[in-house]
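Q: how would this look folded up:
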Amino acid sequence: MQTNFTIQQLSDPAIAHSEAILRKCVHCGFCTATCPTYQTLGDELDSPRGRIYLIKDMLENNRAASEKTVKHIDRCLSCLSCMTTCPSGVHYMHLVDHARVHIEKTCKRPILDRVYRDLLAFILPHPKRFRVALYLAGIAKPFGKLLSVIPALEPMQAMLRLAPEKIPGATKITRPGTKQATGEKRARVAVVSGCAQSVLDPDINSATIQLLTRFGVEVVVPEIETCCGSLVHHMGREKQSHQFAIQNINAWMKEIDGEGLDAIIISASGCGTTIKDYGHMLRNSGDYAKAAATVSNLTRDITEFLYALELPKIQKKHEETIAYHSACSMQHGQKITDIPKTLLRRAGFVVNEIPEGHLCCGSAGIYNILQAKIADKLKARKISNINLVKPDIVATGNIGCITQIASDLDLPVMHTVELLNWAYGGEKPSKIK
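A: Below you'll find the model as predicted:
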């Protein structure tokens, strides 16, 4: 793609990086075939190629984001399916991240949109606030359908619909501190608790720690760890996302420089995609650039790490058939595709592939709140495809996908690590009756 940025514009590292990405695009349109929003809406501007044109026009002319540009960029899930499909290696993730920062700086959104975004940014990255909000949502949940008559309150209705009926209590094993390995110590890792996951489903973190320690891995849960920054990062709130990143880097570097870490373990793939990108996010941040790169290089999804541990193959087969849903942040963001399915099969499960597995379920962080209608269409499509393979259980690697799919599917939807922990000597997951 030909670009026309000035030399002065290209002196800005962010512009220079986006310009290099833009120049790789050859307009081929392969991305339209796998883009969930284009497949759903049929509008070229709701495809990666269309958004690239909008972003190029906005950045090249150094203009404030228009209402049209904001509309179509907001509709992007950041599922990154286009990056898997693109034959030219266009790094769409970094480009759309830059566009969102530009939108945040130059666009004054309608007041209700600002209120919703401020509210979500204030609550979701903070577990204590999130727990209180879920408690209040439980009280208001019976009145959620009444909000559907007012379109402007659609995000509020979506929040209530997604809120769980019961808020699980915290588990003792997931509290900050060091969890000793059983038997001979094979490695030492930090486990990332996550913000939403630690409240919505603490059993995921419990299963992660139990399984790792059972196989000789010492686990540390840092005390000053915080949200990975992903939620606000995708809102274009660069300063806030970098603050979260720096706080985490400080916590993990303390362990790295102390007793050392062999890996930083993520069990929410959305967080993993962001933390693996810290090196890029903070590349111009002086003293933190090197530390951010160190953290990114050490970060592993839990399935990546378990695969490297070479867990033994279990001969006894489980009766339950698993449908594995590959979260977009797992397959497109981190390029982890076969490992989780291989681990489940080695653990004795029958694993079925879901048709159209490359398409998003509609969760995408806060997308299913701010773009609820599109998210609901994608969820219905995903559930329809899941039902085609007639599973007993749905497994996935991201809390957002678990919450999204489980909200309309009458089957256990759980994290891959919960099933692996059960197979290798842990308790049967409470979701399986």
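
Q: For Val217, grab phi and psi.
A: phi -110, psi 120 (degrees, to the nearest 10).

Q: Give me the number of neighbouring residues for it.
A: Val217 has 25 neighbouring residues, counting by other CB atoms under 10 Å. All C-beta atoms are positioned from the backbone trio N, CA, C, and that covers glycine.

Q: Spatially nearest residue to it, not counting backbone neighbours?
A: The spatially closest residue to Val217, leaving aside those adjacent along the chain, is Ala187, at 4.8 Å (CB to CB, 6 or more residues apart in numbering).

Q: Around Lys145, how many other residues sit close by?
A: 11.

Q: Correct me if wrong, but it is in a helix.
A: Yes. If the criterion is DSSP: H, G, I helix; E, B strand; the rest coil, then Lys145 is within a helix.

Q: where does it land on pLDDT?
A: Looking at Lys145, its pLDDT is 78.

Q: Can you give me the separation between it and Glu154?
A: Distance, Lys145 to Glu154, using CB to CB, to the nearest Å: 12 Å.

Q: same question, Asp203
A: Distance from Asp203 to Glu154, by CB to CB: 31 Å.

Q: So these two - more neighbours on which side?
A: Higher neighbour count among Asp203 and Glu154: Asp203, with 22 against 17, using other CB under 10 Å.

Q: so how many other residues sit close to the residue nearest to that one when sequence neighbours are not counted?
A: The shortest distance from Asp203 to any non-neighbouring residue, by CB to CB, 6+ apart, is to Glu418 (6.3 Å). For Glu418, the neighbour count with other CB under 10 Å is 29.

Q: helix, strand or coil for Glu418?
A: Glu418 falls in the helix class when you classify it by three-state DSSP.

Q: That one and Thr208, how far apart?
A: 9 Å.

Q: Then Cys195?
A: Taking CB to CB, one finds Cys195 at 16 Å from Thr208.

Q: Same question for His91.
A: His91 is 30 Å from Thr208, where distance means CB to CB.

Q: now do Phe143
A: The gap separating Phe143 from Thr208 is 36 Å, by CB to CB.

Q: What of Pro202?
A: The gap separating Pro202 from Thr208 is 10 Å, by CB to CB.

Q: which one of those two has more residues nearby?
A: The residue with more neighbours, out of Pro202 and Thr208, is Thr208; 28 against 19, by other CB under 10 Å.

Q: Helix, strand, or coil at that one?
A: From three-state DSSP, the assignment for Thr208 is helix.

Q: swap in Ala65?
A: Look at Ala65: counting by three-state DSSP, its state is coil.

Q: Look through this structure and tell me its longest helix.
A: Among the segments of the chain that qualify as a helix by DSSP state H, the longest is helix 238-257.

Q: and that one, which residues are buried?
A: Within helix 238-257, the residues that count as buried by 16 or more other CB atoms under 10 Å are 238, 240-242, 244-246, 248-249, 251-253, 255-256.

Q: that older thread, how much space separates the residue nearest to Asp203 from Gly397?
A: In this view, Glu418 and Gly397 are 11 Å apart by CB to CB.

Q: ditto for Gly362
A: Going from Gly362 to Gly397 by CB to CB gives 17 Å.

Q: ok, those two, which is more surrounded?
A: Gly397 (30 against 27).

Q: quick one, what contacts the more buried one?
A: 267-269, 301-303, 326-327, 330, 336, 340, 415-417 (CB atoms under 8 Å, 6 or more residues apart in numbering).

Q: returning to that earlier point: the residue nearest to Asp203 is in contact with Glu427, isn't it?
A: No. Glu418 is not in contact with Glu427 according to CB atoms under 8 Å; the separation is 9.6 Å.

Q: contacting residues for Ala291?
A: By CB under 8 Å, 6+ apart, the contact set of Ala291 is Ile249, Met253.

Q: ok so it is a strand residue?
A: No. Counting by three-state DSSP, Ala291 is not part of a strand but helix.

Q: how close does it sit to Val191?
A: According to CB to CB, Ala291 and Val191 sit 19 Å apart.

Q: before we move on, what about Cys79?
A: 26 Å.

Q: domain assignment for the chain?
A: Residue ranges for the domains of the chain, per automatic domain parsing: 7-106, 111-162, 172-306, 312-422.

Q: Would you tell me which of those gets closest to Met1?
A: Taking CB to CB, domain 7-106 is the member of the domains of the chain nearest to Met1, at 4.4 Å.

Q: Please state the offset of that closest one from the chain centre?
A: Remark: domain 7-106 is offset 19 Å from the chain centroid, using CA atoms, centre = their mean, to the nearest Å.

Q: Need the distance between the two termini of it.
A: 22 Å (CA to CA, to the nearest Å).

Q: All further residue positions should be reported with the first residue as 59.
A: Let's use 59 as the start, then, which means that last one is domain 65-164.

Q: now it: mean pLDDT?
A: Domain 65-164 carries an average pLDDT of 96.
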